[in-house]
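In: sharing a sequence plus its predicted fold:
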Amino acid sequence: MKIRRIFMENIRSHLKSTVQFADGFNCIVGGVGEGKSSILYALHFGIFGRALGRSYDYLLREDQSIGKVAIEFEHSGQRYTLTRALRRERGAFSQDMNQLALYEGDKLIASGKKGAIDEQLKAVTGLDEDIFKNIIWIQQERLKELLNIEPAKRQQTIDELLRLSEFLNARTNLHEFEKDYEVEKSLYEKEADVIEIENLRKQYDTTYKDLVDLQLELENLKTELTKAEAAYKEAEEALQNLKGQKEKTEELRRTEAGVRTLLESMVNEISYTHDEIGKKQTHLGEIEAKIREALSKLTALGLPPNQSTEGLTRIEKLLEDRERNIHGQQESVKTEMQQGGEAKAILEKESKCPICQRPLSEDYRNALIRQYEEKQVVGQDQLKKLDTELLMLGEQRRIVREVVAALNVAIPRKEDVEKTLGELSKQLEEKQRLQMQLSDQLASVNKEISKFNPEQLDEATLVREKMHEHFIEVKNKLEFGVSTLEERSKRAEELKQRLDLAEEKVKRKVKLAHLLKIIGGFREAYKAIGPKLREELVLGLTSYIQRVFDDMTAGTERQYIVEIDENYTPSLREEEYWREVSMLSGGERTLLAFAYKIGLGQLIMEARGLSLDFLILDEPTESLGPEDGSIDRLADAISRLKSIEQIIAVTHSEEFAEKAEHIIRIRKEAGKSLAEYER
């Protein structure tokens with residue numbers, strides 16, 4: 001893994017800064033408080049998202065509520081970008097999960113959840129926070145920590161880092177298992193069931209055989225019970241059918257009595273209706289006789305006898321009109337006779353025309369008098385004829401009126417009687433039809449009643465009782481057998497559990513004996529191999545440290561041989577002289593501390609299947625001074641270190657920075673840190 005670029009927004013004194021890194025020796029240089037260490041804090045937060053202290057308040061710019069870090073890094077030839085953000089709300093600090101994301105190139109591979117980011121980051125790089133803080137990030141105050149502690153503590157610390165302690169502790173842990181297994185094996189050897197396991201097997205086999213026999217017997221009983229239950233249900237069904245037939249027959253008898261009663265009532269009603277029809281027919285004949293008698297009077301008048309009352313009413317009206325006409329003729333004749341009498345009286349008194357008053361001759365006067373006298377005679381004849389006709393018309397009108405009155409009474413009565421006769425006839429037909437239905441129903445009911453035999457019910461009752469007794473007997477046997485089976489099953493289960501447990505314990509006892517042999521062998525092997533493993537690790541560590549030390553001292557006239565003892569304590573040999581750490585100069589001790597730290601890191605990384613691609617040196621010149629040239633020598637040594645592909649150093653030493661391949665200068669203006677590239 002190599003860092004390519006880090007972007008910071010509102011991180012400590014960095015308002016908006018982007019710092020780029022290349023392969024080789026990168027040096028971030030600047031004065032105290034300019035913002036150099038902020039870059040390392042931002043790098044740690046950006047990769048792992050964890051606070052170095054209890055809170056993120058050391059990281060977020062004081063006057064801002066939101067801060068952001070984006071890190072672009074390279075691993076196995078692929079570019080990745082990791083972004084994180086901080087948020088301040090009501091004095092509390094937290095990560096903004098909405099901006100948490102990991103990209104592979106332009107592809108988003110994880111976001112929104114810290115666990116998902118950490119898991120994906122470790123899957124890609126194999127890097128975790130412990131490796132970063134203990135191996136990659138070399139802080140000056142911890143540089144010589146391993147060199148200065150006592151040998152036993154150094155051995156324990158490095159054994160843990162190389163995971164050798166886990167292997168060496170295995171022998172102690174196995175002894176605990178060995179003691180536990182011995183106790184467990186001793187307990188098994190004293191258990192009664194384990195000792196008497198063969199007798200327990202015989203008991204179980206006998207109980208199991210009895211159980212199987214009983215199960216077979218119960219299966220036969222179940223089959224017998226099924227048949228008995230079916231026979232009982234069949235007998236019960238037959239009995240219930242006969243009881244149903246009995247109830248149905250009793251119901252039919254009640255129905256038969258009811259139908260018979262209805263039939264008798266219907267016969268009486270039919271007889272009564274016959275009588276009523278006869279009475280109505282007699283009454284109808286009487287009415288028709290009166291109608292014929294009334295109509296016969298019309299024949300005497302010369303009128304057709306089949307006249308309707310409406311026609312007779314019109315005839316009566318014509319007769320009445322004729323009477324009025326005759327009365328008018330009578331009045332006219334009487335008027336003419338009166339006028340003729342008055343004219344005759346005038347003529348008899350004087351010879352003047354009664355109309356125009358002209359004088360008349362005697363002969364003409366006499367002729368007029370005779371004429372008036374004749375008219376009087378003719379008028380009298382006309383009046384007599386008219387009176388005779390008027391009497392005849394009056395009689396005719398009276399007869400017609402009587403006939404109309406008689407018909408107006410008789411015809412409605414006739415219609416009523418005819419209507420009643422029609423209704424009675426319909427009733428008679430309906431009752432006769434009902435009589436036939438009731439007769440058929442009575443015959444059908446009697447036929448159904450004759451089908452039931454009471455003796456069959458008694459016989460079916462006896463069969464049902466017998467089947468029920470057999471069913472109960474078999475059921476009781478089965479229930480008793482089931483109860484017995486449960487007891488035997490419980491007994492067999494208890495024996496089986498005891499036997500299984502005893503067999504497991506026997507197996508466990510045998511296995512424990514085998515395990516104890518294996519554990520004893522392993523403990524002896526661990527006892528013998530522990531020193532061998534440490535010896536191999538010491539050789540490997542010596543090789544790594546020597547290689548790094550050689551890189552750092554390459555080009556110098558002095559040649560050093562690194563030696564590491566079993567406590568991981570280093571020493572240097574120059575020509576024929578061996579010197580312990582305490583005998584080294586300050587510069588030599590610093591170079592050895594760097595070589596020791598880097599070599600140990602490479603060994604640890606290799607043990608975990610990783611490679612140490614980059615280092616972070618945090619103020620490596622803190623304890624060095626420019627006057628003795630130690631800073632220059634350290635810078636030269638680091639610049640010659642080619643086994644690490646990328647080194648990022650943070651320093652305030654201009655002399656140290658001058659040796660770097662790439663220089664990033666950090667300065668502060670108006671409270672804001674700025675990054676500038678010198679080369």
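Out: Cool, the structure landed.
In: now R50: closest residue in space, sequence neighbours ignored.
Out: Beyond its immediate neighbours in the sequence, the residue positioned closest to R50 (CB to CB, 6 or more residues apart in numbering) is E129, lying 6.4 Å away. Backbone N, C-alpha and C define where each C-beta goes, glycine included.
In: my guess is that neighbour contacts G49, does it?
Out: No. Between E129 and G49 there is no contact, the gap being 9.6 Å when judged by CB atoms under 8 Å.
In: settle it for me: which of these two has more neighbours?
Out: The neighbour comparison of E129 against G49 (other CB atoms under 10 Å) goes to G49, with 20 against 15.
In: before we move on, the earlier item: any idea how far the residue nearest to R50 lies from E374?
Out: Distance from E129 to E374, counting by CB to CB, to the nearest Å: 172 Å.
In: with M605 instead?
Out: In this view, M605 and E374 are 181 Å apart by CB to CB.
In: looking at those two, which is more packed in?
Out: A count of neighbours by other CB under 10 Å puts M605 above the other of M605 and E374, at 18 against 11.
In: now could you export just the CA positions of the helix or strand containing the more buried one as PDB?
Out: Per DSSP states H and E: M605 is located in helix 586-607. C-alpha atoms of helix 586-607 as PDB (Å, rounded to 0.1, in the frame of the first residue of the first chain):
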ATOM      1  CA  GLY A 586      24.000   8.500  19.400                       C
ATOM      2  CA  GLY A 587      24.000   8.300  15.600                       C
ATOM      3  CA  GLU A 588      24.800   4.600  15.600                       C
ATOM      4  CA  ARG A 589      22.100   4.000  18.100                       C
ATOM      5  CA  THR A 590      19.500   5.900  16.000                       C
ATOM      6  CA  LEU A 591      20.500   4.100  12.800                       C
ATOM      7  CA  LEU A 592      20.300   0.700  14.700                       C
ATOM      8  CA  ALA A 593      16.900   1.700  16.200                       C
ATOM      9  CA  PHE A 594      15.600   2.500  12.700                       C
ATOM     10  CA  ALA A 595      17.000  -0.700  11.200                       C
ATOM     11  CA  TYR A 596      15.700  -2.700  14.200                       C
ATOM     12  CA  LYS A 597      12.200  -1.100  13.900                       C
ATOM     13  CA  ILE A 598      12.000  -1.600  10.100                       C
ATOM     14  CA  GLY A 599      13.500  -5.100  10.100                       C
ATOM     15  CA  LEU A 600      11.200  -6.200  12.800                       C
ATOM     16  CA  GLY A 601       8.300  -4.700  10.900                       C
ATOM     17  CA  GLN A 602       9.300  -6.500   7.700                       C
ATOM     18  CA  LEU A 603       9.500  -9.800   9.600                       C
ATOM     19  CA  ILE A 604       6.100  -9.300  11.200                       C
ATOM     20  CA  MET A 605       4.500  -8.200   7.900                       C
ATOM     21  CA  GLU A 606       6.000 -11.200   6.100                       C
ATOM     22  CA  ALA A 607       4.700 -13.500   8.900                       C
END
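In: who are the packing partners of it?
Out: Secondary-structure packing of helix 586-607 (3 or more CB pairs under 8 Å, 6 or more residues apart in numbering; DSSP states H and E): strand 137-139, helix 140-143, helix 145-148, helix 151-161, helix 454-553, strand 560-564, strand 570-574, helix 630-639.
In: lowest-confidence stretch among those?
Out: By mean pLDDT, the lowest-scoring of those turns out to be helix 140-143, with a mean of 73.
In: helix, strand, or coil at P412?
Out: helix (DSSP: H, G, I helix; E, B strand; the rest coil).
In: ok and the helix holding M605 relative to strand 570-574, angle-wise?
Out: With axes from the mean of the first three to the mean of the last three CA atoms, to 10 degrees applied, the angle from helix 586-607 to strand 570-574 works out at 120 degrees.
In: highest average neighbour count across the helices and strands packed on helix 586-607?
Out: Comparing the helices and strands packed on helix 586-607 by mean neighbour count (mean count of other CB atoms under 10 Å), helix 630-639 ranks first with a mean of 21.
In: helix or strand right after that helix?
Out: The first helix or strand that comes after helix 630-639 along the chain, using DSSP H and E, is strand 646-651.
In: paired strands for that next one, with orientation please.
Out: strand 24-29 (parallel), strand 614-618 (parallel) (DSSP bridges).
In: output that strand as PDB, nothing but the C-alphas.
Out: Extracted in PDB, the C-alpha atoms of strand 646-651 (Å, rounded to 0.1, in the frame of the first residue of the first chain):
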ATOM      1  CA  GLN A 646       7.700   4.900   0.000                       C
ATOM      2  CA  ILE A 647       8.800   6.900   3.000                       C
ATOM      3  CA  ILE A 648       6.800   9.800   4.400                       C
ATOM      4  CA  ALA A 649       8.800  11.800   7.000                       C
ATOM      5  CA  VAL A 650       7.600  14.800   9.000                       C
ATOM      6  CA  THR A 651      10.300  17.100  10.400                       C
END
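In: quick one on the thing from earlier: out of the helices and strands packed on helix 586-607, which gets nearest to F73?
Out: strand 137-139 (14.8 Å; CB to CB).
In: contacts for the closest one?
Out: 40, 44, 594, 597-598, 615-620 (CB atoms under 8 Å, 6 or more residues apart in numbering).
In: which helix runs longest in this protein?
Out: Longest helix in the chain, counting residues (DSSP state H): helix 197-300.
In: elements contacting it?
Out: With contacts defined as 3+ CB pairs under 8 Å, 6+ apart, the packing partners of helix 197-300 are helix 362-451, helix 454-553.
In: average pLDDT for that helix?
Out: 86.
In: next structured bit after that helix?
Out: Heading C-terminal from helix 197-300, the first helix or strand you meet, by DSSP H and E, is helix 309-349.
In: many thanks, have a good one.
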